[in-house]
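Trainee: Following is a predicted model, sequence given first.
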Amino acid sequence: MTIRLLLAVAIAAPCLGCASVTRGTTENISISSTPAGATAEITGLDIPTACVTPCVVQAKRNADITVTVSKEGYESQIIPLTKEIPGAGAAGFAGNVLLGGLVGMGVDAATGAAMDHKPNPVIVTLQPVAPPRAARPRPAKRPAPPQS
């Protein structure tokens with residue numbers, strides 16, 4: 001019984017600090033806009049996706065993602081997401097040094113498990129398209145005063 005317990009601990013120990021196990025290789029990205037009901041097109045996913053705001057999409061942590069938010073009558077906005085290592089990701093990655101070794105570090109680096117996309121949530125305030133300027137009538141030219 002004791003040998004089985006020790007064997008189970010020895011097998012599980014390398015993964016305890018692994019960000020791939022503790023955080024997963026995907027994350028949810030929330031997208032909202034003012035006004036709501038805009039179309040958000042997300043590129044960088046395995047399958048390009050579109051949703052109507054507010055919405056949530058699931059993305060791989062190592063994906064290079066760009067969100068384009070558009071709505072008729074408003075200027076479109078393009079938001080490139082960056083990848084950062086937050087405290088929880090750094091702790092999971094650092095746990096590899098103690099328990100997971102190079103294999104765990106390699107898995108985390110390949111899957112991006114230690115990363116988070118920023119900004120998340122993606123919050124966009126759309127600006128109305130400026131109406132076309134109407135041509136103003138020009139005032140009539142006054143005749144020049146007679147010169148003496």
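Mentor: Ah, there it is. Residues are numbered from 1 along each chain as shown.
Trainee: Enumerate the positions of the longest strand belonging to the chain that are buried.
Mentor: Longest strand in the chain, counting residues (DSSP state E): strand 26-34. Using 16 or more other Cβ atoms under 10 Å as the test for burial, strand 26-34 gives 27, 29, 31-33. (C-beta placed from N, C-alpha, C; glycine too.)
Trainee: quick one: strands adjacent to it?
Mentor: In the sheet, strand 26-34 lines up against strand 55-60 (antiparallel), strand 122-125 (parallel) (DSSP bridges).
Trainee: about what we covered before: turn the buried residues of strand 26-34 into TSV, columns for distance to V69.
Mentor: Listed next are these as TSV, based on distance: Cβ to Cβ, whole Å:
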residue	distance to V69
E27	19
I29	13
I31	7
S32	9
S33	5
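Trainee: for those, which one is nearest P86?
Mentor: E27 (10.6 Å; Cβ to Cβ).
Trainee: Could you tell me the per-residue confidence at that closest one?
Mentor: Per-residue pLDDT puts E27 at 92.
Trainee: My guess is it contacts N120. True?
Mentor: Yes. Using Cβ atoms under 8 Å, E27 is in contact with N120, at 7.4 Å.
Trainee: And the contacts of stretch 73-87?
Mentor: Residues from elsewhere that reach stretch 73-87 (Cβ atoms under 8 Å, 6 or more residues apart in numbering): 29, 35, 38, 44, 61-62, 64-70, 93, 112, 114-120, 122, 124, 126-129.
Trainee: Nothing else from me, thank you.
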